[in-house]
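> after the sequence you'll find the predicted model.
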Amino acid sequence: MANPRRVLIENQRLSPLINLLKKPLAFPLLLSFFLFLTWITLRVQHSSHFSSSSSLPNSALKSHPDLEILDDDEKVNLVRFDAASLSPVRKDDRGWLLDPVILARDSRLSGGAASCLSIHVGEIRPGSLRGNHRHHACNETFVIWGAKTKFRLENHKVEKGYAEVLIGDDEVAVAVSPSGTAHALVNVDPLRSTFFIGCQDSNMQNSSNSDYKVWKDL
């Protein structure tokens, strides 16, 4: 059985709050309080998202659960995605879908094509390569998938004068090659074909604006 004295004391403690709730201004005050709490919660979430997306490119990309950044990816201007999971490469039960220019931009890769004025889609069979050239009159953005593929990009900050990475057969990669930068795609898969999209922001009608067979070891 409840202690009458204890109940009386508790009622006395609650009486100011009960009296406040009975007043006409109680509802607007409570509503304002809950709106304030909601605003604080949204601000905290927004600040957390902004701080993760506005940091340095490499650290920002490393924080994405569907994105794997290897040591040389930044040196070769490349970002890779796991094609089997949800990621910035939009995917549903039909497969993945992307815009090369927007994907490169959103992945914080600078120096790629500003638009797809010229575009080509290609296959590289096992043991074959494409590229190994340098364009002086256009920036280029690549999307690469399908097989184990070596992507090489000219980089004079590296001792060898270039950097290269291996793209897995279960990955989709976006890479950019600024004007005047040599690049090459080599299929090192024993069975599968590599597929790629090359997006250039100018028409490549004059071959004199390109250097061919840049690397002799490919």
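All right, it came through fine.

> show me the domain layout of the chain.
4-53, 57-212 (automatic domain parsing).

> who touches residue 90 in this structure?
If you count contacts by Cβ atoms under 8 Å, 6 or more residues apart in numbering, residue 90 has them with 96, 97, 98. C-betas here are computed from N, CA, C, even on glycine.

> list only buried entries from these.
Among these, those buried by neighbour count (16 or more other Cβ atoms under 10 Å) are 96, 98.

> which of the contacts of residue 90 fall in strands?
Restricting the contacts of residue 90 to those inside strands, with DSSP state E as the criterion, leaves 96, 97.

> now, which of the contacts of residue 90 sits nearest residue 114?
Taking Cβ to Cβ as the measure, residue 114 lies nearest residue 98 of the contacts of residue 90, at 16.8 Å.

> which ones are touching that closest one?
88, 89, 90, 143, 172, 174.

> go on, residue 130?
By Cβ under 8 Å, 6+ apart, the contact list for residue 130 reads 122, 124, 184, 185, 196.

> for stretch 197-210, buried residues please.
197, 198, 199, 200, 201, 202, 204.

> dump the contacts of residue 90 into JSON lines; add pLDDT as well.
Shown next, in JSON lines, are these (pLDDT from 0 to 100):
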{"residue": "96", "pLDDT": "84"}
{"residue": "97", "pLDDT": "86"}
{"residue": "98", "pLDDT": "87"}
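
> need the max-distance pair from the contacts of residue 130.
For those, and using Cβ to Cβ, no pair is farther apart than 122 and 184, which are 13.1 Å apart.

> ok, these two, which is more surrounded?
Using other Cβ atoms under 10 Å, the more surrounded residue of residue 122 and residue 184 is residue 184, with 22 against 13.

> give me the contact list for the helix or strand hosting the more buried one.
For residue 184, the element it lies in under DSSP states H and E is strand 182-187. Contacts made with strand 182-187 from outside it, assessed by Cβ under 8 Å, 6+ apart, are listed as 124-134, 140, 142, 144, 147-154, 162, 175, 177, 193-194, 196, 211, 214-215, 218.

> mind listing what that strand pairs with, with the direction of each?
Using DSSP bridges, the strands paired with strand 182-187 in its sheet are strand 129-135 (antiparallel), strand 149-154 (antiparallel).
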